[in-house]
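**Q** Below is the sequence, then the predicted model.
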Amino acid sequence: MFYPNAADRSRDAAWHGYVNLSISNINERFFGICANNWHRDKDFWWAVFSIRPEVMLHEGVYFT
C-alpha cells in the first residue's frame, strides 16, 4: 500500500519504483507532518517496521 505525500510527483518520476526508508530510526519530524497535517483527515493507517541490517546485502536492494 502506498499513498504519495505530494499531489504533483513529476519531479521525482525517476524514483517512482522505489520506497524511501529511514535506516536507523523513524524521521519523527516528517512523520508528524505527514500524519498530523497533510493526511490528518485521511482514512488509512501508518506502519513502522524494522528490518535486519543484512538486508542491505541482498541482491536488488539499494540504500542511498
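**A** Alright, I've got the coordinates.
**Q** distance of residue 9 from residue 41?
**A** From residue 9 over to residue 41 the distance is 21 Å, taken as CB to CB, to the nearest Å. In this view, the C-beta of every residue, glycine as well, is placed from N, C-alpha and C.
**Q** Just give me the neighbour total for residue 44.
**A** Per other CB atoms under 10 Å, the neighbour tally for residue 44 reads 7.
**Q** ok so, going back, residue 9 and residue 41: who's more crowded?
**A** In this view residue 9 and residue 41 are compared by other CB under 10 Å, and residue 9 has more residues nearby, 11 against 5.
**Q** Test for you: state the pLDDT assigned to that one.
**A** In this prediction, residue 9 carries a pLDDT score of 80.
**Q** Roughly how far does it sit from residue 47?
**A** When residue 9 is compared with residue 47 (using CB to CB), they lie 21 Å apart.
**Q** now stretch 52-59: mean pLDDT?
**A** What stretch 52-59 shows for mean pLDDT is 87.
**Q** wait, stretch 36-47
**A** Per-residue scores along stretch 36-47 average to 79.
**Q** could I get it in PDB with only the CA atoms?
**A** Output for stretch 36-47, consisting of C-alpha atoms alone and laid out as PDB, is shown next (Å, rounded to 0.1, in the frame of the first residue of the first chain):
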ATOM      1  CA  ASN A  36      -0.800  15.200  11.700                       C
ATOM      2  CA  ASN A  37      -1.100  17.800   8.800                       C
ATOM      3  CA  TRP A  38      -1.100  16.600   5.300                       C
ATOM      4  CA  HIS A  39      -3.000  13.400   5.800                       C
ATOM      5  CA  ARG A  40      -4.800  14.100   9.100                       C
ATOM      6  CA  ASP A  41      -8.300  13.600   7.600                       C
ATOM      7  CA  LYS A  42      -7.500  10.500   5.500                       C
ATOM      8  CA  ASP A  43      -8.900   7.100   6.400                       C
ATOM      9  CA  PHE A  44      -5.800   5.000   6.400                       C
ATOM     10  CA  TRP A  45      -3.200   3.600   8.800                       C
ATOM     11  CA  TRP A  46       0.500   4.000   9.300                       C
ATOM     12  CA  ALA A  47       3.100   1.200   9.700                       C
END
